[in-house]
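Trainee: build me a model from this:
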Amino acid sequence: MEASQSPKAAPQSPEDEEDDYMSMTIAEPTGPKVKETYTQRRHRLKREAEARAYTKPKAEREADEAAAREDALQRSLLSHPTTQKSKGLAMMSKMGFTPGKALGKGDNADARTEPVGISIKEDRGGIGMDNEKKRRFREEVEKEGKRVKADEGEYRERVRREREEGRLEHLIGTAMRVAERMASEKEEELSAGGDGEVAPKKDDRISKPLKTINILWRGLVRKREEAERDRRMRYDLHQSLSRLPTYDDEDEDKDDKKALGKTPIQYALVEDLEEEDPELEEFNALEPVERLQKIVNYLREEYNYCFWCKYTYPDKDMEGCPGLTEEDHD
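Mentor: Prediction:
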């Protein structure tokens with residue numbers, strides 16, 4: 001009897017002997033469920049009640065609302081699933097609107113392809129208030145720009161006018177001195193009697209009242225007299241302060257005191273310097289151009305002298321003089 005031969009099992013490789021952890025299943029515990037104690041249940045219910053009763057602070061609620069609002073504003077309503085059932089979109093579709101396309105002709109590149117976005121107002125201003133504020137701001141900026149330009153123009157004009165007035169005042173002073181000199185020379189000739197003798201020169205500052213001087217150069221004489229008076233007063237004050245005190249000698253007479261310099265110098269003051277001169281004030285109130293023209297005309301009529309040519313012509317015709325004004329001599 002042949003012994004029965006059992007099939008031999010195939011040898012297993014080392015890889016097959018390793019456990020396949022990826023296909024392993026973890027069995028659920030079959031043991032009895034641990035019963036929750038009273039204390040554990042009480043703590044759990046307490047935590048759940050506290051969670052339900054918890055109210056977020058105002059700042060946290062506002063932050064959550066702002067985040068939700070920003071998320072909603074950033075999300076396109078046309079692509080949102082809930083928008084497909086929107087009555088507004090259905091109405092726009094009936095009017096010819098297709099998402100992603102503009103209304104009207106398709107050749108307009110600047111046409112709007114989406115509805116106007118939502119602008120959240122954060123103040124109490126009504127509709128259009130922002131545009132009104134922008135308009136007012138632009139008007140204020142333009143007004144300020146115009147004012148600055150106007151101020152610059154006024155400044156340049158004022159500087160130009162002041163320079164021109166200074167130049168004219170200098171010309172008026174020169175013309176006054178010329179007229180005074182010619183009038184003085186003419187008076188000397190008349191006082192000589194035409195016999196060729198030159199009369200001794202008089203001091204007009206002392207002997208001649210101001211109101212008898214021609215109005216055209218009276219202001220020059222008055223200014224010179226005032227300057228001379230102030231100079232004399234300063235000189236007298238300086239002399240009185242620098243002179244040493246001396247005793248009064250009874251034996252000295254007036255001639256001795258005068259020789260020793262103890263007699264104060266007496267000057268002939270021009271009394272009418274303190275008086276008002278309405279005629280001179282009226283003349284000085286004229287424009288510099290008008291005052292200068294009056295003096296120029298006087299020199300031409302009285303002495304055949306052209307102030308602009310700096311020349312005395314032999315007769316009244318003044319042949320060769322281009323004209324009466326400075327522009328004629330340019």
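Trainee: Gln293 - how many residues pack around it?
Mentor: 17 (other Cβ atoms under 10 Å). C-betas here are computed from N, CA, C, even on glycine.
Trainee: helix, strand, or coil at it?
Mentor: helix (DSSP: H, G, I helix; E, B strand; the rest coil).
Trainee: now do the contacts for it.
Mentor: By Cβ atoms under 8 Å, 6 or more residues apart in numbering, Gln293 lies in contact with Leu324, Thr325.
Trainee: could you find the closest non-adjacent residue to Leu168?
Mentor: With sequence-adjacent residues excluded and distances taken as Cβ to Cβ, 6 or more residues apart in numbering, Leu168 is closest to Pro288, at 3.8 Å.
Trainee: do you know the pLDDT at the one you found?
Mentor: According to the prediction, Pro288 has pLDDT 91.
Trainee: ok, it touching Glu169?
Mentor: Yes: Pro288 is in contact with Glu169 according to Cβ atoms under 8 Å; the separation is 6.0 Å.
Trainee: which of the two has more neighbours?
Mentor: Each of Pro288 and Glu169 has its neighbours counted (other Cβ under 10 Å); Pro288 has more, 17 against 13.
Trainee: which ones are touching that one?
Mentor: Glu165, Leu168, Glu169, Ile172.
Trainee: burial of the first one, as a residue count?
Mentor: Glu165 sits with 13 neighbouring residues when counted by other Cβ under 10 Å.
Trainee: mind checking which helix or strand it is in?
Mentor: helix 129-191 (DSSP states H and E).
Trainee: just checking, what packs against that helix?
Mentor: helix 215-242, helix 288-303 (3 or more Cβ pairs under 8 Å, 6 or more residues apart in numbering; DSSP states H and E).
Trainee: re earlier: possible to save the contacts of Pro288 as CSV with pLDDT and distance to Glu226?
Mentor: Formatted as CSV, those follow (pLDDT from 0 to 100; distance: Cβ to Cβ, whole Å):
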residue, pLDDT, distance to Glu226
Glu165, 91, 22
Leu168, 92, 22
Glu169, 92, 17
Ile172, 93, 18
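Trainee: could you export the helices and strands packed on helix 129-191 as a markdown table, including distance to Arg177?
Mentor: Listed next are these as a markdown table, based on distance: least, Cβ to Cβ, whole Å:
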| stretch | distance to Arg177 |
| --- | --- |
| helix 215-242 | 7 |
| helix 288-303 | 10 |
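Trainee: and those helices, which one is worst for confidence?
Mentor: helix 215-242 (a mean of 82).
Trainee: list the helices and strands that one packs on?
Mentor: So helix 215-242, by 3+ Cβ pairs under 8 Å, 6+ apart, packs with helix 129-191, helix 204-207, helix 278-284, helix 288-303.
Trainee: hang on, the earlier thing: nearest to Leu280, out of the helices and strands packed on helix 129-191?
Mentor: helix 215-242 (5.5 Å; Cβ to Cβ).
Trainee: tell me which residues of the closest one are tucked away?
Mentor: Buried residues in helix 215-242, counted by 16 or more other Cβ atoms under 10 Å: Leu216, Trp217, Arg218, Gly219, Leu220, Val221, Arg222, Glu225.
Trainee: quick one on the thing from earlier: tabulate the helices and strands packed on helix 215-242 (JSON lines), appending distance to Lys56.
Mentor: As requested, the helices and strands packed on helix 215-242 are exported to JSON lines (distance: least, Cβ to Cβ, whole Å):
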{"stretch": "helix 129-191", "distance to Lys56": "32"}
{"stretch": "helix 204-207", "distance to Lys56": "101"}
{"stretch": "helix 278-284", "distance to Lys56": "86"}
{"stretch": "helix 288-303", "distance to Lys56": "83"}
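Trainee: right, I'll leave it there.
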